[in-house]
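*Asks:* Okay, structure incoming, though there's no sequence with it:
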(Lines give C-alpha, C1' and ligand atoms only; values in the text may rest on other atoms or scores of the structure.)
Protein backbone atom coordinates (compact mmCIF):
# COMPACT_ATOMS: atom_id res chain seq x y z
CA UNK A 1 0.00 0.00 0.00
CA UNK A 2 2.88 2.38 0.73
CA UNK A 3 4.28 1.90 -2.78
CA UNK A 4 0.85 2.46 -4.30
CA UNK A 5 0.21 5.54 -2.19
CA UNK A 6 3.45 7.17 -3.36
CA UNK A 7 1.98 7.34 -6.87
CA UNK A 8 -1.76 7.65 -6.28
CA UNK A 9 -1.78 10.28 -3.53
CA UNK A 10 -3.40 13.48 -4.87
CA UNK A 11 -3.86 12.05 -8.38
CA UNK A 12 -7.14 13.16 -9.95
CA UNK A 13 -9.01 9.95 -10.84
CA UNK A 14 -12.35 9.58 -12.63
CA UNK A 15 -14.22 6.28 -12.36
CA UNK A 16 -17.20 5.62 -14.61
CA UNK A 17 -19.55 3.05 -13.13
CA UNK A 18 -18.40 3.95 -9.62
CA UNK A 19 -21.76 2.99 -8.08
CA UNK A 20 -21.44 -0.64 -9.19
CA UNK A 21 -19.77 -3.51 -7.35
CA UNK A 22 -16.24 -3.21 -8.78
CA UNK A 23 -16.54 0.55 -9.11
CA UNK A 24 -17.41 0.97 -5.44
CA UNK A 25 -14.45 -1.17 -4.39
CA UNK A 26 -12.15 0.83 -6.69
CA UNK A 27 -13.46 4.13 -5.34
CA UNK A 28 -12.90 2.99 -1.76
CA UNK A 29 -9.39 1.80 -2.59
CA UNK A 30 -8.42 5.07 -4.29
CA UNK A 31 -9.82 7.12 -1.42
CA UNK A 32 -7.68 5.02 0.91
CA UNK A 33 -4.65 5.85 -1.25
CA UNK A 34 -5.34 9.57 -1.01
CA UNK A 35 -6.48 10.21 -4.58
CA UNK A 36 -8.83 13.02 -5.56
CA UNK A 37 -11.67 10.86 -6.80
CA UNK A 38 -14.58 11.60 -9.14
CA UNK A 39 -17.35 9.28 -10.28
CA UNK A 40 -19.82 9.19 -13.17
CA UNK A 41 -22.62 6.60 -13.12
CA UNK A 42 -26.28 5.87 -12.65
CA UNK A 43 -27.65 5.44 -9.15
CA UNK A 44 -27.30 1.89 -7.79
CA UNK A 45 -30.00 -0.32 -9.31
CA UNK A 46 -30.65 -2.48 -6.28
CA UNK A 47 -30.73 -2.37 -2.51
CA UNK A 48 -28.62 -3.36 -0.70
CA UNK A 49 -25.83 -1.72 -2.71
CA UNK A 50 -22.17 -1.51 -1.77
CA UNK A 51 -21.98 2.13 -2.88
CA UNK A 52 -24.77 3.12 -0.50
CA UNK A 53 -23.14 1.19 2.33
CA UNK A 54 -19.75 2.83 1.80
CA UNK A 55 -20.46 6.33 0.58
CA UNK A 56 -23.50 7.74 2.38
CA UNK A 57 -21.17 10.60 3.26
CA UNK A 58 -19.56 13.69 1.79
CA UNK A 59 -18.66 11.99 -1.51
CA UNK A 60 -22.19 10.78 -2.27
CA UNK A 61 -23.57 14.24 -1.54
CA UNK A 62 -20.97 16.13 -3.60
CA UNK A 63 -22.32 17.26 -6.97
CA UNK A 64 -18.81 18.35 -7.99
CA UNK A 65 -17.37 14.84 -7.50
CA UNK A 66 -20.29 12.43 -7.71
CA UNK A 67 -21.87 12.79 -11.16
CA UNK A 68 -25.08 10.76 -11.32
CA UNK A 69 -25.96 10.43 -14.98
CA UNK A 70 -26.11 8.05 -17.94
CA UNK A 71 -22.92 7.18 -19.87
CA UNK A 72 -25.05 7.56 -23.00
CA UNK A 73 -25.61 11.27 -22.24
CA UNK A 74 -22.64 12.63 -24.16
CA UNK A 75 -23.06 16.27 -23.18
CA UNK A 76 -23.30 15.47 -19.45
CA UNK A 77 -20.31 13.13 -19.64
CA UNK A 78 -18.21 15.63 -21.56
CA UNK A 79 -19.01 18.27 -18.93
CA UNK A 80 -18.09 15.91 -16.08
CA UNK A 81 -14.75 14.98 -17.67
CA UNK A 82 -13.94 18.63 -18.24
CA UNK A 83 -14.78 19.43 -14.61
CA UNK A 84 -12.77 16.52 -13.17
CA UNK A 85 -9.67 17.09 -15.34
CA UNK A 86 -8.50 13.57 -14.52
CA UNK A 87 -4.95 12.28 -14.60
CA UNK A 88 -6.36 8.75 -14.73
CA UNK A 89 -9.69 7.40 -15.99
CA UNK A 90 -11.07 3.95 -15.19
CA UNK A 91 -14.03 3.12 -17.41
CA UNK A 92 -16.23 0.50 -15.74
CA UNK A 93 -19.70 1.79 -16.70
CA UNK A 94 -21.47 -1.00 -18.60
CA UNK A 95 -24.42 -3.34 -18.84
CA UNK A 96 -22.55 -6.31 -17.33
CA UNK A 97 -25.02 -9.22 -17.26
CA UNK A 98 -25.28 -11.89 -19.96
CA UNK A 99 -28.93 -12.85 -19.42
CA UNK A 100 -30.01 -9.20 -19.21
CA UNK A 101 -28.34 -8.61 -22.59
CA UNK A 102 -30.91 -10.93 -24.18
CA UNK A 103 -33.75 -8.89 -22.66
CA UNK A 104 -32.33 -5.38 -23.09
CA UNK A 105 -30.25 -5.92 -26.21
CA UNK A 106 -30.29 -2.37 -27.56
CA UNK A 107 -29.43 -0.94 -24.14
CA UNK A 108 -26.53 -3.40 -23.83
CA UNK A 109 -24.99 -2.51 -27.19
CA UNK A 110 -25.58 1.19 -26.76
CA UNK A 111 -24.14 1.36 -23.25
CA UNK A 112 -21.16 -0.90 -23.80
CA UNK A 113 -20.06 0.38 -27.21
CA UNK A 114 -21.42 3.90 -27.71
CA UNK A 115 -21.01 4.69 -24.01
CA UNK A 116 -17.32 3.85 -24.33
CA UNK A 117 -17.04 6.00 -27.46
CA UNK A 118 -18.70 8.86 -25.57
CA UNK A 119 -15.99 8.63 -22.91
CA UNK A 120 -13.15 8.54 -25.45
CA UNK A 121 -14.53 11.53 -27.31
CA UNK A 122 -14.87 13.37 -24.00
CA UNK A 123 -11.21 12.92 -23.02
CA UNK A 124 -10.15 14.42 -26.36
CA UNK A 125 -10.69 17.84 -24.82
CA UNK A 126 -8.16 17.33 -22.02
CA UNK A 127 -4.92 19.28 -22.25
CA UNK A 128 -3.22 17.38 -19.43
CA UNK A 129 -1.54 13.98 -19.60
CA UNK A 130 -4.17 11.31 -19.01
CA UNK A 131 -4.09 7.51 -18.78
CA UNK A 132 -7.33 5.72 -19.65
CA UNK A 133 -8.06 2.09 -18.72
CA UNK A 134 -11.16 0.61 -20.38
CA UNK A 135 -12.39 -2.41 -18.42
CA UNK A 136 -14.00 -5.09 -20.60
CA UNK A 137 -14.21 -8.82 -19.76
CA UNK A 138 -12.51 -12.18 -20.23
CA UNK A 139 -15.55 -13.14 -22.35
CA UNK A 140 -14.29 -11.11 -25.34
CA UNK A 141 -12.57 -14.19 -26.80
CA UNK A 142 -14.00 -16.65 -29.29
CA UNK A 143 -14.76 -19.74 -27.21
CA UNK A 144 -12.62 -22.57 -28.61
CA UNK A 145 -13.06 -24.81 -25.53
CA UNK A 146 -9.31 -24.78 -24.95
CA UNK A 147 -7.82 -26.15 -21.76
CA UNK A 148 -5.38 -23.26 -21.44
CA UNK A 149 -6.15 -19.63 -20.77
CA UNK A 150 -6.72 -17.18 -23.58
CA UNK A 151 -3.93 -14.83 -24.60
CA UNK A 152 -4.29 -11.18 -25.51
CA UNK A 153 -3.64 -11.91 -29.19
CA UNK A 154 -6.22 -14.71 -29.46
CA UNK A 155 -9.25 -14.22 -31.70
CA UNK A 156 -12.09 -12.09 -30.37
CA UNK A 157 -15.65 -13.38 -30.48
CA UNK A 158 -18.82 -13.63 -28.43
CA UNK A 159 -22.14 -15.28 -29.29
CA UNK A 160 -24.41 -13.62 -26.71
CA UNK A 161 -25.19 -9.87 -26.93
CA UNK A 162 -23.11 -9.02 -23.85
CA UNK A 163 -19.94 -10.80 -24.97
CA UNK A 164 -20.29 -9.56 -28.54
CA UNK A 165 -20.76 -5.97 -27.37
CA UNK A 166 -17.61 -6.21 -25.26
CA UNK A 167 -15.65 -7.65 -28.19
CA UNK A 168 -16.90 -4.74 -30.27
CA UNK A 169 -15.72 -2.40 -27.51
CA UNK A 170 -12.23 -3.88 -27.83
CA UNK A 171 -12.26 -3.19 -31.58
CA UNK A 172 -13.53 0.33 -30.95
CA UNK A 173 -10.75 1.09 -28.47
CA UNK A 174 -8.05 -0.34 -30.74
CA UNK A 175 -9.34 1.74 -33.67
CA UNK A 176 -9.62 4.92 -31.58
CA UNK A 177 -6.14 4.46 -30.14
CA UNK A 178 -4.63 3.91 -33.61
CA UNK A 179 -6.50 6.88 -35.04
CA UNK A 180 -5.93 9.47 -32.33
CA UNK A 181 -3.17 8.57 -29.87
CA UNK A 182 -0.90 5.92 -31.33
CA UNK A 183 2.38 7.79 -30.82
CA UNK A 184 3.88 11.17 -30.00
CA UNK A 185 3.05 12.46 -33.49
CA UNK A 186 -0.68 11.77 -33.11
CA UNK A 187 -3.43 14.30 -32.51
CA UNK A 188 -3.67 13.43 -28.80
CA UNK A 189 -0.23 12.29 -27.56
CA UNK A 190 -1.27 13.21 -24.00
CA UNK A 191 -3.71 10.28 -23.88
CA UNK A 192 -2.58 6.74 -23.03
CA UNK A 193 -5.22 4.09 -23.69
CA UNK A 194 -5.44 0.40 -22.72
CA UNK A 195 -8.08 -2.26 -22.16
CA UNK A 196 -8.21 -4.56 -19.12
CA UNK A 197 -9.85 -7.96 -19.52
CA UNK A 198 -10.98 -9.85 -16.42
CA UNK A 199 -14.01 -11.65 -15.05
CA UNK A 200 -15.43 -14.09 -12.51
CA UNK A 201 -14.83 -11.59 -9.72
CA UNK A 202 -15.96 -12.37 -6.18
CA UNK A 203 -16.12 -10.26 -3.04
CA UNK A 204 -18.22 -8.63 -0.36
CA UNK A 205 -20.96 -6.26 -1.42
CA UNK A 206 -21.91 -8.03 -4.65
CA UNK A 207 -25.70 -8.48 -4.71
CA UNK A 208 -26.20 -8.71 -8.48
CA UNK A 209 -28.46 -11.32 -10.03
CA UNK A 210 -27.13 -14.23 -12.11
CA UNK A 211 -23.88 -14.37 -10.14
CA UNK A 212 -23.11 -17.58 -8.35
CA UNK A 213 -22.11 -16.31 -4.89
CA UNK A 214 -24.96 -13.77 -4.42
CA UNK A 215 -27.47 -16.27 -5.81
CA UNK A 216 -26.18 -18.96 -3.43
CA UNK A 217 -26.36 -16.65 -0.41
CA UNK A 218 -29.90 -15.57 -1.29
CA UNK A 219 -30.96 -19.22 -1.60
CA UNK A 220 -29.40 -20.11 1.76
CA UNK A 221 -31.11 -17.17 3.46
CA UNK A 222 -34.46 -18.40 2.15
CA UNK A 223 -33.61 -22.01 3.06
CA UNK A 224 -33.92 -22.98 -0.60
CA UNK A 225 -31.93 -25.30 -2.86
CA UNK A 226 -29.01 -23.62 -4.65
CA UNK A 227 -29.67 -24.06 -8.36
CA UNK A 228 -26.50 -24.53 -10.41
CA UNK A 229 -26.90 -24.39 -14.19
CA UNK A 230 -23.44 -25.71 -15.11
CA UNK A 231 -21.76 -27.36 -12.09
CA UNK A 232 -18.80 -28.72 -14.08
CA UNK A 233 -17.86 -25.42 -15.74
CA UNK A 234 -14.41 -24.27 -14.69
CA UNK A 235 -13.86 -20.57 -14.07
CA UNK A 236 -10.85 -18.42 -13.10
CA UNK A 237 -12.43 -17.07 -9.90
CA UNK A 238 -10.62 -14.12 -8.31
CA UNK A 239 -11.22 -11.76 -5.42
CA UNK A 240 -12.25 -8.29 -6.55
CA UNK A 241 -9.11 -6.64 -5.16
CA UNK A 242 -6.84 -8.77 -7.36
CA UNK A 243 -7.84 -7.29 -10.76
CA UNK A 244 -8.33 -3.83 -9.24
CA UNK A 245 -4.74 -3.74 -8.03
CA UNK A 246 -3.79 -4.88 -11.53
CA UNK A 247 -5.73 -1.97 -13.05
CA UNK A 248 -3.94 0.45 -10.74
CA UNK A 249 -0.52 -0.90 -11.71
CA UNK A 250 -1.41 -0.75 -15.41
CA UNK A 251 -2.53 2.88 -15.15
CA UNK A 252 0.54 3.79 -13.10
CA UNK A 253 2.91 2.25 -15.67
CA UNK A 254 0.98 3.91 -18.49
CA UNK A 255 1.25 7.30 -16.85
CA UNK A 256 4.95 7.12 -15.94
CA UNK A 257 6.35 5.31 -18.98
CA UNK A 258 8.02 7.63 -21.51
CA UNK A 259 7.21 5.24 -24.38
CA UNK A 260 3.54 6.01 -25.04
CA UNK A 261 2.93 2.65 -26.75
CA UNK A 262 4.44 0.31 -24.15
CA UNK A 263 1.39 0.03 -21.87
CA UNK A 264 -1.21 1.10 -24.43
CA UNK A 265 -2.66 -2.23 -25.54
CA UNK A 266 -4.73 -5.11 -24.17
CA UNK A 267 -4.06 -6.86 -20.85
CA UNK A 268 -5.59 -9.96 -19.23
CA UNK A 269 -6.03 -10.10 -15.45
CA UNK A 270 -6.72 -13.43 -13.77
CA UNK A 271 -5.34 -16.17 -11.52
CA UNK A 272 -2.78 -18.71 -12.66
CA UNK A 273 -4.43 -21.72 -14.40
CA UNK A 274 -3.83 -24.04 -11.46
CA UNK A 275 -6.13 -21.92 -9.30
CA UNK A 276 -9.21 -22.44 -11.49
CA UNK A 277 -12.15 -24.29 -9.88
CA UNK A 278 -15.48 -25.64 -11.03
CA UNK A 279 -18.77 -24.01 -10.12
CA UNK A 280 -19.61 -27.00 -7.93
CA UNK A 281 -16.32 -26.67 -6.01
CA UNK A 282 -17.04 -22.99 -5.37
CA UNK A 283 -20.55 -23.70 -4.08
CA UNK A 284 -19.23 -26.44 -1.78
CA UNK A 285 -16.77 -23.91 -0.34
CA UNK A 286 -19.69 -21.55 0.32
CA UNK A 287 -21.56 -24.31 2.16
CA UNK A 288 -18.54 -25.01 4.35
CA UNK A 289 -18.49 -21.43 5.58
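*Replies:* Perfect, I can see it now. Note that the structure is predicted; figures quoted are calculated from it, not measured.
*Asks:* could you say which helix or strand contains residue 122?
*Replies:* Assigned by DSSP states H and E, residue 122 belongs to helix 115-123.
*Asks:* Buried residues, that helix. List them.
*Replies:* 115, 116, 117, 118, 119, 120, 122, 123 (16 or more other Cβ atoms under 10 Å). All C-beta spots, glycine's among them, are computed from the backbone N, C-alpha and C.
*Asks:* Among the residues you listed, find me the one that's closest to residue 26.
*Replies:* Nearest to residue 26 out of those is residue 119 (Cβ to Cβ; 15.6 Å).
*Asks:* pretty sure the closest one is in contact with residue 90, am I right?
*Replies:* No - assessed by Cβ atoms under 8 Å, residue 119 is found out of contact with residue 90, at 10.4 Å.
*Asks:* Give me the common contacts of these two.
*Replies:* Common contacts of residue 119 and residue 90, defined by Cβ atoms under 8 Å, 6 or more residues apart in numbering, comprise residue 16.
*Asks:* what about the strands in the stretch 51-200 of the chain?
*Replies:* Per DSSP state E, counting those that start in this stretch, the stretch 51-200 of the chain carries strands over the ranges 66-68, 88-91, 130-135, 191-197.
*Asks:* Show me the shaky parts of the stretch 1-150 of the chain.
*Replies:* Counting by pLDDT under 70, the ranges of the stretch 1-150 of the chain that qualify are 56-57, 147.
*Asks:* Repeat the analysis, applying 80 as the threshold.
*Replies:* 1-2, 46-47, 55-58, 145-149 (pLDDT under 80).
*Asks:* Now do the helices in it.
*Replies:* In order along the chain, the stretch 1-150 of the chain carries the following helices (DSSP state H, counting those that start in this stretch): 2-8, 21-32, 50-55, 58-61, 74-84, 98-103, 105-109, 115-123.
*Asks:* got those as TSV, with distance to residue 215 columns?
*Replies:* Listed next are the helices of the stretch 1-150 of the chain as TSV, based on distance: least, Cβ to Cβ, whole Å:
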stretch	distance to residue 215
helix 2-8	33
helix 21-32	14
helix 50-55	17
helix 58-61	28
helix 74-84	32
helix 98-103	12
helix 105-109	21
helix 115-123	27
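*Asks:* for those, which one sits closest to residue 150?
*Replies:* helix 98-103 (17.3 Å).
*Asks:* Compute the number of surrounding residues for residue 52.
*Replies:* Close neighbours of residue 52, defined as other Cβ atoms under 10 Å, add up to 16.
*Asks:* Please determine how far it is located from residue 276.
*Replies:* 33 Å (Cβ to Cβ, to the nearest Å).
*Asks:* again with residue 103
*Replies:* Taking Cβ to Cβ, one finds residue 103 at 30 Å from residue 276.
*Asks:* Check residue 159 too.
*Replies:* From residue 159 to residue 276 the distance is 22 Å (Cβ to Cβ).
*Asks:* Looking at these two, which has the bigger crowd around it?
*Replies:* Neighbours per residue (other Cβ under 10 Å) separate residue 159 from residue 276, with residue 276 holding more: 15 against 10.
*Asks:* show me what contacts the more buried one?
*Replies:* With Cβ under 8 Å, 6+ apart, residue 276 has these contacts: 234, 235, 236, 237.
*Asks:* rerun at 10 Å
*Replies:* Neighbouring residues of residue 276 by Cβ atoms under 10 Å, 6 or more residues apart in numbering: 149, 200, 234, 235, 236, 237, 270.
*Asks:* Can you say which of the helices of the stretch 1-150 of the chain is nearest to residue 139?
*Replies:* helix 98-103 (7.9 Å).
*Asks:* Could you tell me how far that closest one lies from the centre of the chain?
*Replies:* The chain centre lies 18 Å from the centre of helix 98-103; the measure is Cα atoms, centre = their mean, to the nearest Å.
*Asks:* what packs against that helix?
*Replies:* Based on contacts counted as 3 or more Cβ pairs under 10 Å, 6 or more residues apart in numbering; DSSP states H and E, the elements that helix 98-103 packs against are helix 105-109, helix 161-180.
*Asks:* Now do the buried residues in the shortest one.
*Replies:* Spelled out, it's helix 105-109. With the criterion 16+ other Cβ under 10 Å, helix 105-109 contains buried residues 105, 108, 109.
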